[in-house]
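Sharing a model prediction with you, sequence too.
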Amino acid sequence: MKQCIIIHGGEAFDTEEQQYAFLESWDYNPRQAPRKKRRDRIAHALSHEREVFVPQMPNAQNATYRAWKIWFEKYLPYLDGEEIVLVGNSLGGWFLCKRLSENTFPKHIKQLHLVAACISADGIEDE
């Protein structure tokens, strides 16, 4: 069986003040139809040839590595395929890089795709 995990992006802040400023400036309209997510289109396109997991990572508006790692590891027992593909978009790419550099992955990874991964925010204002 072929399997794929797609990890979405999110926001990360150095301080609570930065997080609150972001939330206060966010232009939100509850009547606006939700945007179709790229990850959902990709998951649908891949679902004909592989099992696709798209975990809703916790607190995407203030993502922390520890919370995402705990949640991600809940999916590991379900990876029993011979081909594992990991896709990380934006902060999801950062998460996968960090997780894979710090821990041995329990299965062979056939492909790793980092899409617009935010590897470091050093020197980037407001990120």
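Yep, it's here.

so where is this protein shaky, pLDDT-wise?
By pLDDT under 70, the low-scoring segments of the chain are 120-127.

show me the residues around the residue nearest to Ala116 when sequence neighbours are not counted that make contact.
In this structure, Ala116 finds its nearest non-sequential neighbour in Ser90, 5.4 Å apart by Cβ to Cβ, 6 or more residues apart in numbering. C-beta coordinates here come from the backbone N, C-alpha and C atoms, glycine included. By Cβ atoms under 8 Å, 6 or more residues apart in numbering, the contact list for Ser90 reads 8-10, 115-118.

same deal with Gly88?
Applying Cβ under 8 Å, 6+ apart, the residues contacting Gly88 are 6-7, 94-97, 112-115, 117.

among the residues you listed, which are in helices?
94-97 (DSSP state H).

Closest one of the contacts of Ser90 to Trp68?
Gly10 (8.2 Å; Cβ to Cβ).
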